[in-house]
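Enquirer: Could you look at this predicted model? Sequence included:
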Amino acid sequence: MSSLVDLLATLYDTPDAVRGALRAVGLPVVDIDLVGTPRNRWQRVLDEAQKHMLVADIVNRAASDFPIRTQELRQALASYLPTDGVSARFDLDWPGVGRALLDRAVPSLHRALARAGTLSNPRELAVLRAYLGEFIAAVRSSIALKQYVRLLGRELDRRPFEGLLRRDAFVEPVHHTILELVGRAYGADSVSAPIAAASSGSREVGNLLRLLKRSVEPLIVLGEPGSGKTMTLQQVALRLAEQELRRVFPRIPLFLRVGEFRVDGSERITATHVRTWIRRSAPDTLAPWIDALLRDGRLVLFFDGMDEMSRRRYGDHTQALSEFAQSVMPDTKTLFTCRITNYSPTFKPRRLVLMPFRKSQIREFLTNYIGTFPVAIQEEQRSRSWSCKELVTHITSGELPIEADNPFVLWLLCLYLQERGAWPTSRVALLEFYSRWNYRRKQEELRG
């Protein structure tokens, strides 16, 4: 494997190319002698960049300029970063009260002072900034091809769940209970989806990230399949990472797939198992810092898909996650997602539910996905042109055989209309169409 010096010397082999890369990350070019061979030039550049904690920024810039070399650059960075010391090398530098407040209140000024050498940079900053850059790129890539419409959430009262606990921690009738809260079990079909279940006094949560930052207890987002739980979690994590990338003492988001958390055997599952799994799930460059980040309250954990855990000892795993989340609060923030039908009341965080799409959100989705109107749709013996407004009115009228106030179902409906040019006659017809369409898509991928 090439060293970081050799790799950068290959990618930026002229003084002008080096100057362009350095200006992009804010490293003063005037302080660096760029004469000599490309390798010697980059050795001096990296020595100077290390003083300003900008080595990771240079690597992120190179990965942006040469995406095909991203993996090689990340590996070279991991080898280049200082590894002297054993136990102490993974302790975070303590900012002190003054610098901590400055970093939160005026991050741009704090970083400028650190770059100028007026204030020192923490030794872990290069590693954390490299991770944040990679995290942002990965999340952006994941959501790039997805339609995201901001969802609304409501906070559920704790009281309706009291008294439901049984010996088995996984309570099957949770879905029915939630429906019953708004009377749907008694025929109140005006409520279009179970995630509308909330008392009339529930308040709307417009900014999940702000709520997460202020919360002194774990949070969980509940929703039906396809309601946008993972996408919402990714958006919150991405916004946080972008904000923290500006700071000298950043908080670090870590996205975890809860379906991968599994403890075999008959031993009691504890918060220690959760901590070990988190450390094992983190990228190699971040894993040694996990304990210090947890200890200093600078880790924000996003647990996606509690319903994806194995049903074997589901209650024990859920209890361990709950114990862990409670043990690290209020300094370490945690946000979970789970299908509303699979939620176990033994897990007791602050609960939010994703609401069905309203008319305005359906209109936003149609505008983003279809784009051009009117749309021709066949009806009996004639074709009719539909404006966006007419489509929204028809979709929300209750006349369709499906409820398209769910992001996934609405996407399926849009796909059906574009491919077939007609309204689906039933939910079965819509799902059958999707199965065939997805099968053809997979075949094309295999052939391509």
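Expert: Nice, I can see it.
Enquirer: Now do the residue nearest the centre of the chain against Arg41, distance only.
Expert: Compute the mean C-alpha point of the chain, and by C-alpha atoms, centre = their mean the closest residue is Gln234, 2.2 Å away. Distance of Gln234 to Arg41, computed by C-beta to C-beta, to the nearest Å: 39 Å. All C-beta spots, glycine's among them, are computed from the backbone N, C-alpha and C.
Enquirer: From what I see, the residue nearest to the centre of the chain and Phe255 are in contact.
Expert: Yes: if you go by C-beta atoms under 8 Å, Gln234 and Phe255 touch, sitting 7.4 Å apart.
Enquirer: circling back: what's the helix or strand hosting the residue nearest to the centre of the chain packed up against?
Expert: Gln234 belongs to helix 229-244 when assigned by DSSP states H and E. With contacts taken as 3 or more C-beta pairs under 8 Å, 6 or more residues apart in numbering; DSSP states H and E, helix 229-244 sits against helix 125-143, helix 208-214, strand 219-223, strand 252-257, strand 299-304, strand 333-339.
Enquirer: Contacts only, for Arg427.
Expert: 401-402 (C-beta atoms under 8 Å, 6 or more residues apart in numbering).
Enquirer: on that earlier part again, make a markdown table out of the helices and strands packed on helix 229-244 and add distance to Arg384 and mean pLDDT.
Expert: Output for the helices and strands packed on helix 229-244, formatted as a markdown table (distance: least, C-beta to C-beta, whole Å; pLDDT from 0 to 100):
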| stretch | distance to Arg384 | mean pLDDT |
| --- | --- | --- |
| helix 125-143 | 34 | 91 |
| helix 208-214 | 40 | 86 |
| strand 219-223 | 34 | 85 |
| strand 252-257 | 44 | 96 |
| strand 299-304 | 41 | 96 |
| strand 333-339 | 37 | 91 |
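Enquirer: Can you say which of the ones you listed is nearest to Met355?
Expert: Closest to Met355 of the helices and strands packed on helix 229-244 is strand 219-223 (C-beta to C-beta; 8.7 Å).
Enquirer: The closest one: how far from the chain's middle?
Expert: In terms of C-alpha atoms, centre = their mean, to the nearest Å, the centre of strand 219-223 is set 14 Å apart from its chain centre.
Enquirer: Let me know the angle separating that strand from strand 299-304.
Expert: Between strand 219-223 and strand 299-304, the angle comes out at 20 degrees (axes from the mean of the first three to the mean of the last three C-alpha atoms, to 10 degrees).
Enquirer: which residues touch the helix holding Gln234?
Expert: 132, 135-136, 139-140, 142-143, 146, 148, 151, 208-209, 212, 221-223, 250-253, 255, 300, 302, 304-305, 335, 337-339, 354, 407.
Enquirer: List the buried residues of that helix.
Expert: Residues of helix 229-244 classed as buried: 229-238, 240-241, 243-244 (neighbour count, 16 or more other C-beta atoms under 10 Å).
Enquirer: how about these in TSV, adding distance to Ser310 and pLDDT?
Expert: As requested, those are exported to TSV (distance: C-beta to C-beta, whole Å; pLDDT from 0 to 100):
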residue	distance to Ser310	pLDDT
Lys229	19	85
Thr230	19	86
Met231	24	83
Thr232	24	84
Leu233	21	88
Gln234	24	88
Gln235	28	86
Val236	26	88
Ala237	25	92
Leu238	29	90
Leu240	29	93
Ala241	30	95
Gln243	35	92
Glu244	33	95
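Enquirer: Remind me what the host helix or strand of Ser327 packs against, helices and strands.
Expert: Using DSSP H and E, Ser327 sits within helix 314-328. Helix 314-328 makes packing contacts with helix 271-281, strand 333-339 when contacts are defined by 3+ C-beta pairs under 8 Å, 6+ apart.
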